[in-house]
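Novice: here is a sequence with its predicted model. Questions after.
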Amino acid sequence: MTKYIFVTGGVTSSLGKGIISASLAKLLQARGYRVTIQKFDPYINIDPGTLNPYEHGECFVTEDGAETDLDLGHYERFLNTPTSQANNITTGRIYQNVINKERHGDYLGKTVQVIPHITDEIKHNMRILGDSGNYDIVITELGGTVGDIESLPFIEAVRQFKWEEGANNAIVIHLTLIPFLAAAGELKTKPTQHSVKTLLEYGIQPDILVCRTEHRISPDIRKKIALFCNVNVNAVIESIDASSIYSVPLLMMKENLDKTVLSKLKLPTKNEPDMESWKDFLGRLKNPTSEVKIGLVGKYVELPDAYKSINEAFIHAGAKNECKVRIEYIPSETIYADNVKEKLGHLNGVLVAPGFGSRGVEGKVDAIKYVRENNIPFFGICLGMQCSVIEFGRNVLGLTNANTTEIDEHTPYPVINMMEEQKNITAKGGTMRLGAYPCDIKKGTKAYSAYGKTHISERHRHRYEFNNAYLKQYEEAGLMASGINPESNLVEIVELKNHPFFVGSQFHPELKSTVANPHPLFVKFVAAAIEQAKKKTS
């Protein structure tokens, strides 16, 4: 029988429910349990696909093409197992499902209400992964903060769910904040007490409290929290600020979070968690033997969460190379032909990031021209790859004003274009190639030396493609298609032959990078940046 763990948040948002959920899941997985995590988001968008990255950080794409919350990226990076459409549900999707059922007559003339219809739909979605038979434990993270109007139906659904499943089959972990007041020189438990009181008003008694704090929590404070919040003192878990999110599983292991959870769920603590490979990764992460500076050229650089998966992929690849990767965020709108050397000349590598729309594209093109001509390692992802095609067309092939039809519908040289069958689709999200697609890699290429195999699968999120009408022209001039989709013949990877590292991918490699399996293209790119750094110092 599948057991369920619900993770709620109190006091303030951004306490790290996703990291705590992923860390707990990692520890349970390391004990031999089959674990997955799902995220329930209280906003009314159907998914985060149409949200501005400034609004919600990056949009994470799963193997099956679901556009999801960035927390699913944490789940995959920690657990090294793919998530799916079923792992991320929003209020919007819940209401859409209920309204569709009502229109189909499923409720037989009943008045459709939040209770029981909305809460039943939420509970149904909570059980989908558990009912699959693939998991021993399902962790469900509830977005938002207890007390928010938006999250009330989810909290009520958890209350009902816990009651239906029985005491030892579903538990609630409440993540809260113990602030330190500098003026008083002490930690304060009152916000936590109020947060738990709010939960109790909704009929939920948390089983475990995880307390975020900047300072160690004394035994006396633990006892006080336990007393006021009706939990065992060993169920008050300290979550102190860590230098890296990847340290959190080991901190939680030290606090016995996994043992406490298993005892509450009446599950055997059969094996101690096998965290040796995780500790090895952390050792390499914290003790680098070299350092590189890589420029991330993008249009959302003011908010690093907009490129969360890219940042994490650099951490994984850096650890693999025993190298500290320092990312320098460069807004693409600030790059021009006359200042590009000043902006990029000191870097050991440049990644041109994905994005949508025309803002900042010319800056990306200028950046790529500079790194191509000056043999600086370059990695382009999605729009970054497309910009490398535009730059090469304009400056090497002489195709003046070559462009993507996303930006210039009337360009004389549409080197990047939309596929014919997508041109008539108007619904947002309906026109994109989303999720995993196969790719065949040519031997003897940089892509092949990275992957070490000819057949791969990578995740996509884009509308526009390399225009194959120009492929022969490009390849004769030295920019080759080293990766091709075997079904549609679309170009997936381009690379320059005579360059230390110049690779562009139409797909998003960062989405598949995990602690256990750093992405090979990022690993090779960081290795090329290390070589570039050596050249500069020699």
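Specialist: Thanks, I have it.

Novice: CA atoms for contacts and neighbours, from now on please.
Specialist: Fine.

Novice: ok, residue 273 touching residue 27?
Specialist: Yes: look at residue 273 against residue 27 with C-alpha atoms under 8 Å: they come within range, at 5.9 Å.

Novice: residue contacts, residue 490?
Specialist: Shown in contact with residue 490 (C-alpha atoms under 8 Å, 6 or more residues apart in numbering): 465, 466, 468, 484.

Novice: so how far is residue 357 from it?
Specialist: 22 Å (C-alpha to C-alpha, to the nearest Å).

Novice: hang on, residue 97 in a helix?
Specialist: Yes: counting by DSSP: H, G, I helix; E, B strand; the rest coil, residue 97 is located in a helix.

Novice: just the pLDDT at it, thanks.
Specialist: For residue 97, the pLDDT comes out at 95.

Novice: please renumber so the chain begins at 18
Specialist: Shifting the count to begin at 18 puts that one at residue 114.

Novice: dump the residue contacts of it.
Specialist: Applying C-alpha under 8 Å, 6+ apart to residue 114 gives the contacts residue 138.

Novice: could you redo the last one with a cut-off of 10 Å?
Specialist: Neighbouring residues of residue 114 by C-alpha atoms under 10 Å, 6 or more residues apart in numbering: 108, 120, 135, 138.

Novice: dump the residues you listed to a markdown table, plus secondary structure.
Specialist: A markdown table is the format used below for those (three-state DSSP):
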| residue | secondary structure |
| --- | --- |
| 108 | helix |
| 120 | helix |
| 135 | helix |
| 138 | helix |
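
Novice: out of those, flag the one nearest to residue 388.
Specialist: For the contacts of residue 114, the minimum distance to residue 388 (C-alpha to C-alpha) is 44.8 Å, reached by residue 108.

Novice: ok, that closest one to residue 70 distance?
Specialist: From residue 108 to residue 70 the distance is 19 Å (C-alpha to C-alpha).

Novice: equivalent analysis for residue 151, please.
Specialist: Residue 151 sits 33 Å away from residue 70, going by C-alpha to C-alpha.

Novice: checking the closest residue to residue 358 other than its chain neighbours next. Helix, strand or coil?
Specialist: Nearest in space to residue 358, with sequence neighbours left out and distances taken as C-alpha to C-alpha, 6 or more residues apart in numbering, is residue 387 at 7.3 Å. Put simply, residue 387 is helix when judged by three-state DSSP.

Novice: beyond the lowest-mean-pLDDT helix or strand in the chain, next helix or strand please.
Specialist: Within the chain, no helix or strand scores below helix 70-73, which has a mean of 69 by mean pLDDT, DSSP states H and E. Downstream of helix 70-73, the next assigned helix or strand under DSSP states H and E is strand 77-78.

Novice: what does that following strand contact?
Specialist: By C-alpha under 10 Å, 6+ apart, strand 77-78 touches 65-66, 83-91, 100-102, 325-326, 451-453, 476-478, 525, 527-529.

Novice: in helices only, show me those.
Specialist: Counting by DSSP state H, the part of those found in helices is 88, 89, 90, 91, 325, 326.

Novice: does residue 463 really touch residue 517, like I thought?
Specialist: Yes: the criterion here is C-alpha atoms under 10 Å, and residue 463 meets it with residue 517 at 9.5 Å.

Novice: in what helix or strand does residue 498 lie?
Specialist: strand 496-501.

Novice: what helices or strands is that strand leaning on?
Specialist: For strand 496-501, the helices and strands in contact under the criterion 3 or more C-alpha pairs under 10 Å, 6 or more residues apart in numbering; DSSP states H and E are helix 400-412, strand 450-458, helix 463-468, strand 472-479, helix 488-494, strand 508-513, strand 519-522.
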